[in-house]
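Undergrad: Here is the input, now give the coordinates:
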Amino acid sequence: RMPILNSTLIIVVSCVPLFFLSGMEGRMLVPLGIAFIVALFAATVVALTLTPVLCSYLLGSNKTNKELKESFVARWMK
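TA: From the prediction side, this is the model:
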């Protein structure tokens, strides 16, 4: 989790100079910077929470040897 969070924060910090632009450039690029940062944080939250849960449900798990049945998605794709 930490490498994902660190890389996200590095990208956000690289977008911070957009907020210090003045004039026409600032008026055009500040909303773009806000949208980019919000989208990046939303994607990070989804990557850290929703994606592992969906993978565990859709791909199944082999915790015990007597339960060796495949998940619904694997059966459907075959």
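Undergrad: Can you tell me the SS state at Ala43?
TA: Following DSSP: H, G, I helix; E, B strand; the rest coil, the label given to Ala43 is helix.
Undergrad: Can you check the pLDDT for it?
TA: pLDDT recorded at Ala43 is 94.
Undergrad: Distance of it relative to Ser14?
TA: To Ser14, Ala43 is 16 Å away according to C-beta to C-beta, to the nearest Å. C-beta coordinates here come from the backbone N, C-alpha and C atoms, glycine included.
Undergrad: again with Arg27
TA: Counting by C-beta to C-beta, the separation of Arg27 from Ser14 is 21 Å.
Undergrad: Ok, Gly26 next?
TA: Taking C-beta to C-beta as the measure, Gly26 falls 17 Å from Ser14.
Undergrad: neighbour-wise, which of these two wins?
TA: Gly26 (14 against 9; other C-beta atoms under 10 Å).
Undergrad: The more buried one: what's it in contact with?
TA: Each residue near Gly26 by C-beta atoms under 8 Å, 6 or more residues apart in numbering is listed here: Phe19, Phe20.
Undergrad: Check the offset of the helix or strand encompassing it from the chain's centre.
TA: Per DSSP states H and E: Gly26 is located in helix 23-48. Centroid displacement of helix 23-48 relative to its chain, using C-alpha atoms, centre = their mean, to the nearest Å, is 14 Å.
Undergrad: Report the buried residues of it.
TA: Leu29, Gly33, Ile37, Leu40, Thr44 (16 or more other C-beta atoms under 10 Å).
Undergrad: Output those residues in JSON lines, with distance to Asn6 appended to each entry.
TA: Shown next, in JSON lines, are these (distance: C-beta to C-beta, whole Å):
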{"residue": "Leu29", "distance to Asn6": "25"}
{"residue": "Gly33", "distance to Asn6": "20"}
{"residue": "Ile37", "distance to Asn6": "16"}
{"residue": "Leu40", "distance to Asn6": "13"}
{"residue": "Thr44", "distance to Asn6": "11"}
